[in-house]
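Chemist: Predicted model, plus sequence, below.
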Amino acid sequence: MTDYNREELSDIFQGLAGLFLVFGLAIAILTINGSVPALALIGTAVGLSIIVGCWVGTRHAFFMASMIVMSVILSVFFNFGALFS
């Protein structure tokens with residue numbers, strides 16, 4: 001396996017890890033509270049991204065970006081009815 005393939009695989013796994021982490025957090029919040037507070041979900045993802053960014057730098061940029069993007073998408077998804085009522 002070349003270094004390029006290894007780097008691409010790492011980027012894919014980072015994106016999937018961020019996706020599953022935020023989705024699991026949203027499902028846990030939904031189970032505990034009965035609804036997902038949008039700002040709490042987005043704030044948690046942004047805060048964790050800041051911590052990871054300060055800790056390891058930009059090496060895990062895909063992980064941080066996928067967490068933030070998925071938290072925004074899932075916040076809209078779980079609160080879609082409240083947005084337009």
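Modeler: Structure received.

Chemist: so what's V72 up against?
Modeler: I42 (CB atoms under 8 Å, 6 or more residues apart in numbering). Every residue, glycine included, has its C-beta placed from N, CA and C.

Chemist: Please state the offset of the helix or strand containing it from the chain centre?
Modeler: According to DSSP states H and E, V72 maps onto helix 61-78. The chain centre lies 4 Å from the centre of helix 61-78; the measure is CA atoms, centre = their mean, to the nearest Å.

Chemist: and after it, which helix or strand comes next?
Modeler: Where DSSP H and E defines the elements, the next helix or strand beyond helix 61-78 is helix 80-83.

Chemist: Any chance you could list what contacts that following helix?
Modeler: Under CB under 8 Å, 6+ apart, the answer for helix 80-83 is V76.

Chemist: make it 7 Å
Modeler: Contacts to helix 80-83, defined as CB atoms under 7 Å, 6 or more residues apart in numbering, come from no residue at all.

Chemist: so what pLDDT did Y4 get?
Modeler: Turning to Y4, the model gives it a pLDDT of 85.

Chemist: and if you look at A65?
Modeler: For A65, the pLDDT comes out at 94.
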